[in-house]
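Engineer: sharing a model prediction with you, sequence too.
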Amino acid sequence: MADRIRKAVFPAAGLGTRFLPATKASPKEMLPLVDKPLIQYSVEEAVKSGIESILIVTGREKAPIENHFDISFELEQLLRERNKDELFAMVREISEIAQILYTRQKQALGLGHAILQAEDFSPNEPFAVLLADDVVDSEVPALKQLIDVYEKYEAPVVATMQVDGPAISRFGVIDAEEVEPNVFRVRDMVEKPAFEDAPSDLAIIGRYILTPDIFPAIQKTKKGAGGEIQITDAMRDLLDERPFYAVKLEGTRHDAGDKLGFLIATVEFALKRDDLGDEFREYLRSLDL
């Protein structure tokens, strides 16, 4: 029987250069979709999927992430004094959402290197990895979809989606055979291939279930695409030793680490809000586009 997935790692040490100047002094993970930071969406997804303990891998200028998930005594006191009970409950809930720990990635050497910082956090049990840039709007939480497959096949799992055309070269890409609807056994994977060399149109996106043997594999991995230590390369090395699976997620994945993707996600999430949706929809209809 597979070990239960209790822990999750959030790599959050990136510099956010695609959103400069907004990210010059503020983490990209704290950019708000409507009124909630990107990273909070993914943390909530993890908790809804059964995660109990979270490690956020941070870097310089990332203190606002820690502050967001901490208790804010002054704010809470003010809200209580003004009888803003709903806001108080919301703010307090954020600080109690899960056990959250932090560690520093002192050099930005790639996603593989960021995940390596979690070796002491989960040395003997499988764990999840979530990238806050990828916001997945789905009925069943995206991570729970991966966990269900992990529990069935007792092997590492990556999330995947179909990407058409040259854009595939921005992703890790898998070569795989479908073993059941939307579930694939991975034969090979490659990081950011040229369009003509891509083994399929199935791209790896920011959700993973990994096992502790990934850590020695990362340590042996040399710098790859972009001069960084790529998690795809480390996972590929493990394919000779154990099976990997992939899940084509049900739901809508938003690349909120991209300006256009972020704007699209903001519009779609706003339209779904009970307190904003109707008025915002009317505003959009009024535009002479």
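Structural biologist: It's in.

Engineer: quick one, strands of the stretch 51-200 of the chain?
Structural biologist: 53-58, 99-104, 127-130, 134-137, 157-162, 172-180, 183-191 (DSSP state E, counting those that start in this stretch).

Engineer: pLDDT at the closest residue to residue 215 other than its chain neighbours, what is it?
Structural biologist: Distances taken as C-beta to C-beta, 6 or more residues apart in numbering place residue 119 nearest to residue 215, at 4.7 Å, with adjacent residues excluded. C-betas here are computed from N, CA, C, even on glycine. For residue 119, the pLDDT comes out at 95.

Engineer: quick one, phi/psi of residue 119?
Structural biologist: phi -60, psi -40 (degrees, to the nearest 10).

Engineer: what is the neighbour count of it?
Structural biologist: Other residues near residue 119 number 14, with proximity taken as other C-beta atoms under 10 Å.

Engineer: now it: how far from residue 147?
Structural biologist: 21 Å (C-beta to C-beta, to the nearest Å).

Engineer: repeat that for residue 44.
Structural biologist: 15 Å.

Engineer: quick one, which of those two is more surrounded?
Structural biologist: Comparing residue 44 with residue 147 by other C-beta under 10 Å, the one with more neighbours is residue 147, at 23 against 16.

Engineer: and the residue nearest to that one when sequence neighbours are not counted, which of the three is it?
Structural biologist: Distance criterion C-beta to C-beta, 6+ apart; nearest residue to residue 147, sequence neighbours excluded, is residue 5 at 5.2 Å. Under DSSP: H, G, I helix; E, B strand; the rest coil, the three-state class of residue 5 is coil.

Engineer: tell me how far residue 5 lies from residue 154.
Structural biologist: For residue 5, the distance to residue 154 (C-beta to C-beta) stands at 12 Å.

Engineer: ok, these two, which is more surrounded?
Structural biologist: Between residue 5 and residue 154, counting by other C-beta under 10 Å, residue 5 is the more crowded of the two (25 against 15).

Engineer: show me the one of the strands of the stretch 51-200 of the chain that comes nearest residue 143.
Structural biologist: strand 127-130 (5.7 Å; C-beta to C-beta).

Engineer: can you give the distance of the closest one from its chain's centre?
Structural biologist: Remark: strand 127-130 is offset 8 Å from the chain centroid, using C-alpha atoms, centre = their mean, to the nearest Å.

Engineer: export that strand as PDB, just CAs?
Structural biologist: Once non-C-alpha atoms are left out, strand 127-130 reads as follows in PDB (Å, rounded to 0.1, in the frame of the first residue of the first chain):
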ATOM      1  CA  PHE A 127       5.800  14.400  -1.200                       C
ATOM      2  CA  ALA A 128       4.000  16.800  -3.500                       C
ATOM      3  CA  VAL A 129       5.500  19.800  -5.400                       C
ATOM      4  CA  LEU A 130       3.300  22.700  -6.400                       C
END
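
Engineer: so what touches it?
Structural biologist: 5, 7-11, 42, 45-46, 49, 51, 115, 118, 121, 143, 146-147, 206-210, 231 (C-beta atoms under 8 Å, 6 or more residues apart in numbering).

Engineer: poorly predicted segments of this structure, please.
Structural biologist: 1-2 (pLDDT under 70).

Engineer: state the distance from the most far-flung residue of it relative to its centre to residue 246.
Structural biologist: Note on the chain: the largest C-alpha distance from the chain mean falls to residue 81, namely 36.8 Å (C-alpha atoms, centre = their mean). Using C-beta to C-beta, residue 81 is found at 52 Å from residue 246.

Engineer: buried residues in stretch 7-23?
Structural biologist: 7-14, 16, 19, 23 (16 or more other C-beta atoms under 10 Å).

Engineer: equivalent analysis for stretch 85-102, please.
Structural biologist: Going by neighbour count (16+ other C-beta under 10 Å), the buried part of stretch 85-102 is 88, 94, 100, 102.

Engineer: equivalent analysis for stretch 121-132, please.
Structural biologist: By 16+ other C-beta under 10 Å, the buried positions in stretch 121-132 come out as 121-122, 126-132.

Engineer: and these, which is closest to residue 285?
Structural biologist: Once C-beta to C-beta is applied, the member of the buried residues of stretch 121-132 that ends up nearest residue 285 is residue 132, at 31.7 Å.
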